[in-house]
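# Turn this into a model:
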Amino acid sequence: MRKLYNILLLSICLLLFGCKNKETVDSNGSIYGVVTDFATGEPVSNANVQLRPSGETTLTGYDGTYEFLDILDGNYSITVSKAEYTDLVDDYVISVKNGRRMRRDVQIKKTPTYIRLTDMLGDDIPCLNFGSDASTNILSFNIYNNGTSKISCQVTKSCEWITLVSPESCSITPGQNVMVTVQIDRSKLAAGNNETYVYVTSNNGSNVLKVLAIGQDVLPNVLTLPVTRPDGTINQWCNTFHANVTTEGNPAYHKRGFCFSSTTSTPTINDNRIDVTGNGLGEYSYTYWDFPPQTNTYYVRAWVMYDSDNKIQYGNVVSFTYNDF
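Model (predicted):
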């Protein structure tokens, strides 16, 4: 009977001891997860992960994973920090119960590298304004690295009247700046206000700078040259008109030609108008075969048409005698 009693007592103790150990094991849970980059989704290694409120810390592995072991039942949250990233104070509550293994994945964002565009005094610059002064063709601005890491920048333009940006690429360490020169060609400006942009992009941030300039009206200029024969010689059978455009104008002309008359020394396009295809600088010509069979003194001058209102700019008047035998 006593032996049976001892066996029964031992069984009870083992049962109680086993239950106590099982309860202890069940109360020790764990929290694990993966830390990734918000922009790329790539794992972030060597990030510091802190468990709140206990204060325990660990580092993420090469694959961005972390884990806290032997966690007592309770509610927890994590904080993640790493150089060049904004600290993440995660408010999500991780509830550990009955020794369970709980997962919490998070993403962290890189600290923005602010590219500031400044003037020579270091003040933020809203735009480069070349104005209307014909002597102002070159202006400069600074690219300032307001971040915490080195950046590589590219500077690009978006229109033909900006002829130069220099340098087009550069590397800037934190707290430093690089001066960029912008040059314009005023002959390519449209009359009135002109607006475009210079773009500054980098491996970690970008910015844009407005560029303004005022173009002036420039009249086109055309010279009327001596009238010749079709072969270029001059005698009584001259019937080939010649002209030379020396200035395209701003806005540039869009039509050109000749006009002539035997009754007025200042012919216009309302007299005998001839249109010649083409545009741009340089010479153009036209051979006219329909003069009447008589000797007459004629007056001819070249013209170019410009502006949306089809304004006319005339060249000088050249006289010639046509003698058709």
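# shaky segments in the protein?
Counting by pLDDT under 70, the chain has low-confidence residues at 1-27, 113, 236, 293, 295, 323-325.
# So which residue is smack in the middle of it?
In the chain, the centroid-proximal residue (Cα atoms, centre = their mean) is Tyr199; its distance is 3.5 Å.
# What residues are recorded as beta-bridge partners of that residue?
Thr156, Val208 (DSSP bridges).
# how about it, what does it touch?
Contact analysis of Tyr199 by Cβ atoms under 8 Å, 6 or more residues apart in numbering lists Val155, Thr156, Lys157, Ser158, Ser206, Val208. Heads up, the C-betas are built off the backbone N, CA and C, glycines and all.
# what's the closest non-adjacent residue to the first one?
Looking back up the chat, that one is Val155. Spatial nearest neighbour of Val155, excluding adjacent residues (Cβ to Cβ, 6 or more residues apart in numbering): Val165 at 5.0 Å.
# how near is the one you found to Gln183?
To Gln183, Val165 is 8 Å away according to Cβ to Cβ, to the nearest Å.
# now swap in Ser169 and tell me
Where Gln183 is concerned, Ser169 sits at a distance of 17 Å (Cβ to Cβ).
# do the same with Val200
Between Val200 and Gln183 the computed distance is 17 Å (Cβ to Cβ).
# cool, Asn75 as well?
Here Asn75 is placed at a distance of 63 Å from Gln183 (Cβ to Cβ).
# neighbour-wise, which of these two wins?
Neighbour totals were compared for Asn75 and Gln183, and Gln183 leads with 15 against 11 (other Cβ atoms under 10 Å).
# what's the neighbour count on Ala47?
Ala47 has 23 neighbouring residues, counting by other Cβ under 10 Å.
# Isn't it up against Ala83?
No. Proximity of Ala47 to Ala83 does not meet the contact threshold set by Cβ atoms under 8 Å, at 9.5 Å.
# now Val35, which residues is it bridged with?
Val106.
# How about the contacts made by it?
43-44, 47, 49, 60, 64-66, 80, 105-108.
# go again using 7 Å as the cut-off
Contacts for Val35 (Cβ atoms under 7 Å, 6 or more residues apart in numbering) come out as Pro43, Val44, Ala47, Val49, Thr60, Gly64, Tyr66, Val80, Val106, Ile108.
# so how far is Gly61 from it?
Distance of Val35 to Gly61, computed by Cβ to Cβ: 10 Å.
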